[in-house]
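Student: All I have is the shape, not the residue letters:
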């Protein structure tokens, strides 16, 4: 399956947009944890995201998954929704956003290795180099900000979340062979909703459920869900076109976006070394994404199978 250059350009533009939205989402998530318990917050975001996707689906055709595709959707939802999201929010409660950025900066390397092991996708020096550059850039930003903490249980939760994120990406290229981006996002969202419901109820039974009564909190939650819809759409399409390993490199950009947003909106100072870190991150993404062999992961997987 070959893709024309315009489709690849569109995928990369979408991935850049995702990094901006995720940079905003990180700030929203940290703030929303002041009013909601972590598991229930994840569940509420999934529910609102599902409602928005369901409304969009009324205007567009939706393909029905086959039995194999249902299994892949459930597997992807299990690792992304049931593993990545709750452990990410739990990790933020006991660790720092800086530590989370460092741990997630390893995701591109993990994803590239998983692709090579399970789908026999050839490891390319440019991609490995780009992943290492990205990690180095995040490390520079974190160290310059002097906000990293020592190792804690929160870091262990964030590590589990990162692994869930990396594994969830591996299912998207195969699903995209027949299902549209909207279909994949719609079914995986509702699958994740069903998987997370028992844990959200369990949080309530254990007396740990927190539910904000402030209208502003709910407005911010709605905004975060809208971000989920837009970012999920572009992210799914990007992974399907450029591959899980290459797309995961864009996950290193949001810390730099958040840094710039803090400077432009809040007037927070930026150190020169932090700007250097941002440039290193962007160089890593450029090296891996815009040079060398651009064969889509879908095509590579078919060739190796």
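Tutor: That came through fine. The structure displayed is predicted, hence computed values, not measured ones. Numbers count the residues shown, from 1 in each chain.

Student: looking just at contacts, which helices and strands does the strand or helix carrying residue 39 meet?
Tutor: Assessed by DSSP states H and E, residue 39 sits inside helix 38-57. When contacts are defined as 3 or more C-beta pairs under 8 Å, 6 or more residues apart in numbering; DSSP states H and E, helix 38-57 packs onto helix 85-94, helix 181-205, helix 215-242. Backbone N, C-alpha and C define where each C-beta goes, glycine included.

Student: Next one: residue 301, what pLDDT does it get?
Tutor: pLDDT, residue 301: 40.

Student: Same question for residue 143.
Tutor: As summarised for this prediction, residue 143 has a pLDDT of 69.

Student: do residue 97 as well
Tutor: 64.

Student: do residue 68 as well
Tutor: Reported pLDDT for residue 68: 90.

Student: The closest residue to residue 253 other than its chain neighbours and residue 33, how far apart?
Tutor: Distances taken as C-beta to C-beta, 6 or more residues apart in numbering place residue 19 nearest to residue 253, at 3.8 Å, with adjacent residues excluded. The spacing between residue 19 and residue 33, counted by C-beta to C-beta, to the nearest Å, is 22 Å.

Student: pLDDT of stretch 38-48, averaged?
Tutor: In this model, stretch 38-48 has a mean pLDDT of 85.

Student: wait, stretch 235-249
Tutor: Average pLDDT, stretch 235-249: 81.

Student: mind checking the end-to-end distance for it?
Tutor: Start-to-end span of stretch 235-249 (C-alpha to C-alpha, to the nearest Å) is 12 Å.

Student: which residues are contacting it?
Tutor: Outside of stretch 235-249, the residues within contact range by C-beta atoms under 8 Å, 6 or more residues apart in numbering are 3, 7-8, 10-12, 14-15, 18, 107-108, 111-112, 114-115, 121, 127, 130-131, 134, 166, 169-170, 172-173, 175-176, 181, 184-185, 250, 284-285, 288-289, 294, 296-298, 300.

Student: In helices only, show me the residues you listed.
Tutor: 7-8, 10-12, 14-15, 18, 107-108, 111-112, 114-115, 127, 130-131, 134, 166, 169, 172-173, 175, 181, 184-185, 284-285, 288-289, 297-298, 300 (DSSP state H).

Student: Of those, select the buried ones using a PyMOL command.
Tutor: To isolate the buried ones among those in PyMOL, judged by 16 or more other C-beta atoms under 10 Å, type:
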select buried, resi 8+10+11+12+14+15+18+107+108+111+112+114+115+127+130+131+134+166+169+172+173+175+181+184+185+284+285+288+289+297+298+300
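
Student: mind listing what residue 202 touches?
Tutor: residue 39.
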